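# just the structure for this:
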Amino acid sequence: MELLVIDDDPLIRTATLQMAEDAGHYAEAAADGPSALRILGEARFDLVLLDLQLGHTSGLELLPAILKKYPATSVVMVTGNASIATAVEAMRIGALDFLEKPFTPELLAITLQKARLHRRLTQQVETLSEQISTQQPEASFASSSPAMQRIFEVLFRAADTDASILILGESGTGKTLAARAVHAHSSRRTKPLVTINCPSLSRELIESELFGHVRGAFTGAVRDSQGKVNAADGGSLFLDEVGELPREVQARLLRLLNDREYERVGESQVRRADVRVIAATNLDLALATAQGTFREDLFFRLNVITVTLPPLRERHDDILTFAESYLQFFARQYRRPATAFSAVAKKLLTLYTWPGNLRELRNAIERAVILGNSQLLDTDDLPASIAQPPRPESSTPQPGDPISIEALTDVHLKLILQRTSTLTEAARILGIDEATLYRRRKKSGL
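Alright, predicted model coming up:
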């Protein structure tokens, strides 16, 4: 954990810092309230050890200010003259625990263990709350497509190994869902699945985000950071859009994959991490390798188990299955009356090409459920791009276009000539004799 020790006695501060660091925690210290609030404003801390007597002020006066400005930080009161009344008052204000001086490393360890358990439970509650607020339709890995069935079989057979898995596919095809499913079916499922979005950060920041950094390693590094590799230890690390990973960071990732070793930014100490890497990208990594933007050795290392999720337009038989699943989910979530699609709406859903894949389908059904007023969702409830798809652009005139009959006749004549092998066959289809067809061709320049 990250600790802040607030005590006006330099000997106590030094001793407490040493005990905390010996126990494997990161710790900083402050001698008074203003210094403590300044440090808390610069970095996040999991726990504050707050002395009850800070010179001429009381820690009980500082406690409410800390809890109000930094509610995610737990506070343990520390004092040399403990009393039941003081402990009760500190707990009433919001302190997590009470520690009496002088304390041994063993007693401090018990207090820190209690604080760590409290932090873990708080994080679990926050995670569950976030899941409830951002509920997603249950991922379906059933498909009537033999090709998709083979993909799922490969993923789930490889899930319970430590082999790296590379998931390819267009944006919105469900690569993240597939990565979560792999982790959930693995022996690491009780450990964290940690995700990092590779294109979202600069080279310096993504290196720090992945491997962590030490204080002072770069401008703005006001404290140590463990990094996501450390957070994923024992579990899985999901590298979303790994094809966008800066080439300078690729070498460090390759070392992690090969040796399970890494170093934090600004530090020479070699650390080890037991992580299983799952990567996904919508780029052609083989082409990126040939172009020199992606390391060939890293590509080969990631390319142990590779699957390509096809776009939704190639999963025609699955479109309605997904759409009906989304309908049921959103109708339940928003308490809307929709229960099914009309026959025309179903036809439109299957005819649309879905360039945004599953993500676009999900959004379209969510919108339809919210706006629909009846049990049956119809064309009026679907987005205009689906209900009234634009006609494909073409240089060939079509019936109804603002052109003459003669021009339209020429178009028809040209198409028939292209589709037939002899003038006799073309004339028969057009219902004219060969001489008339010959003259018409000559006149039109066909």
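
# for Arg13, what are its contacts?
5, 7, 29, 31 (Cβ atoms under 8 Å, 6 or more residues apart in numbering). Where C-beta positions appear, they are placed from N, C-alpha and C, glycine not excepted.

# ranges for the strands of the stretch 151-300 of the chain?
Defined through DSSP state E, counting those that start in this stretch, the strands belonging to the stretch 151-300 of the chain, from first to last, are 165-169, 193-197, 236-240, 261-262, 271-272, 276-281.

# so what's Leu437 closest to, chain neighbours aside?
Take Leu437 and drop its neighbours on the chain: the residue closest to it by Cβ to Cβ, 6 or more residues apart in numbering is Ala427, 4.6 Å away.

# start and end of stretch 223-232, how far apart?
Using Cα to Cα, to the nearest Å, the end-to-end distance of stretch 223-232 comes out at 20 Å.

# what about Asp8, is that helix, strand or coil?
coil (DSSP: H, G, I helix; E, B strand; the rest coil).

# next: the one 3 residues further on.
Applying three-state DSSP to Leu11 yields a three-state assignment of helix.

# burial count for it?
Residues near Leu11, counting by other Cβ atoms under 10 Å, number 8.

# give the contact list for the spatially most central residue of the chain.
What sits nearest the mean C-alpha location of the chain, by Cα atoms, centre = their mean, is Thr195, with 5.9 Å. Contacts were defined as Cβ under 8 Å, 6+ apart; by that measure Thr195 touches 176, 179, 238, 240.

# of these, just say which sits nearest to Phe211.
Compare each of the contacts of Thr195 with Phe211 using Cβ to Cβ and the shortest gap goes to Phe238, at 15.8 Å.

# what's next to stretch 214-227, contact-wise?
Outside of stretch 214-227, the residues within contact range by Cβ under 8 Å, 6+ apart are 2, 26, 28, 42-43, 204, 208-213, 264-267.

# ah, wrong one, I meant stretch 171-182
Identification of contacts with stretch 171-182 by Cβ under 8 Å, 6+ apart yields 139, 141, 155-156, 158-159, 165, 167-169, 193, 195, 236, 238, 240, 278, 280, 282, 307, 309-312, 356-360.

# quick one on the thing from earlier: return the subset of the contacts of stretch 214-227 lying in helices.
For those, membership in helices holds for 42, 204, 208-211, with DSSP state H as the criterion.

# most neighbours among those, please name it.
Top of these by neighbour count (other Cβ under 10 Å): Leu210, with 26 neighbours.

# show me what contacts the closest residue to Leu3 other than its chain neighbours?
What sits nearest to Leu3 in space, not counting adjacent residues and going by Cβ to Cβ, 6+ apart, is Ala27, at 4.3 Å. For Ala27, the contacting residues are 2-5, 16-17, 20-21, by Cβ under 8 Å, 6+ apart.

# now render the residues you listed as CSV, adding secondary structure, pLDDT and neighbour count.
CSV is the format used below for these (DSSP: H, G, I helix; E, B strand; the rest coil; pLDDT from 0 to 100; neighbours: other Cβ atoms under 10 Å):
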residue, secondary structure, pLDDT, neighbour count
Glu2, strand, 90, 18
Leu3, strand, 92, 22
Leu4, strand, 93, 23
Val5, strand, 94, 24
Thr16, helix, 92, 25
Leu17, helix, 93, 18
Ala20, helix, 90, 24
Glu21, helix, 89, 12
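
# pick the one among those residues closest to Leu376.
Proximity of the contacts of Ala27 to Leu376, judged by Cβ to Cβ, is greatest for Glu2, which lies at 55.3 Å.

# quick check: bridge partners of that closest one?
With DSSP bridges applied, the residues forming beta bridges to Glu2 are Tyr26.

# then the one 4 residues further on?
When bridges are taken as DSSP bridges, the partners of Ile6 come out as Ala30, Leu50.

# my guess is it meets Ala29, correct?
Yes - distance between Ile6 and Ala29: 7.5 Å, which falls inside the contact criterion (Cβ atoms under 8 Å).

# between those two, which has more neighbouring residues?
Regarding Ile6 and Ala29, a neighbour count based on other Cβ under 10 Å identifies Ile6 as having more, with 27 against 20.
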